[in-house]
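Colleague: output the structure for:
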Amino acid sequence: MSILGKIFSKIFGTSEAQAAPAGTAPAGGAAAPASGDVATAPPPQTVDVSAVLDAAVNESGQKLNWKTSIVDLMKALKLDSSLKARQELADELGYTGDKDDSAKMNIWLHKQVIAKLAANGGKVPADLKD
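Modeller: Numbering: from 1, shown residues only. Predicted coordinates:
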């Protein structure tokens, strides 16, 4: 399962195929319905991302700031947050910058993950949307 698929699974409680971002191909290879394809796409599941992640942070017992840090977001979800894992996530999301500049990559990753969650039925805080 892709790293983004794992994030979606933890947030939405679904499999990777169900949680594949709109317009991307799930593991089976068939394209997921585009967000505007209402006739064939199931209605998006609305999930309060803040509530899920805040609960995950509380459960972790750590002081994590998922609202600004991709590393903390991944840690809260009990996912591998190593540089290698984040570089894999960057590849999945089409990052074209220098993956050795982890600070810049992390900021980009966080914005992309939040945007993908919002585009796929996640209710995210307005201050995190670009």
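
Colleague: state the mean pLDDT of the helix or strand hosting D91.
Modeller: Per DSSP states H and E: D91 is located in helix 83-93. Taken as a whole, helix 83-93 has an average pLDDT of 98.

Colleague: which other helices and strands contact it?
Modeller: Of the remaining helices and strands, those touching helix 83-93 by 3 or more CB pairs under 8 Å, 6 or more residues apart in numbering; DSSP states H and E are helix 3-12, helix 70-76, helix 102-119. Every C-beta, even on glycine, is put in place using the N, C-alpha and C of the backbone.

Colleague: pLDDT averaged over the last one - what is it?
Modeller: Taken as a whole, helix 102-119 has an average pLDDT of 97.

Colleague: how about residues contacting that helix?
Modeller: 4, 7-8, 11, 21-22, 35, 49, 68-71, 73, 83, 86-87, 89-90, 93, 95, 97-99, 124, 128-130 (CB atoms under 8 Å, 6 or more residues apart in numbering).

Colleague: about what we covered before: the helix holding D91 versus helix 3-12: what angle between them?
Modeller: 90 degrees (axes from the mean of the first three to the mean of the last three CA atoms, to 10 degrees).

Colleague: show me the shaky parts of this structure.
Modeller: With pLDDT under 70 as the threshold, the chain has low-confidence stretches at 14-45.

Colleague: residue nearest the middle of it, spatially speaking?
Modeller: Among the residues of the chain, the one closest to the centroid is V113, at 3.9 Å (CA atoms, centre = their mean).

Colleague: what distance do you get for it to S81?
Modeller: Applying CB to CB, to the nearest Å, one obtains 12 Å for the distance of V113 from S81.
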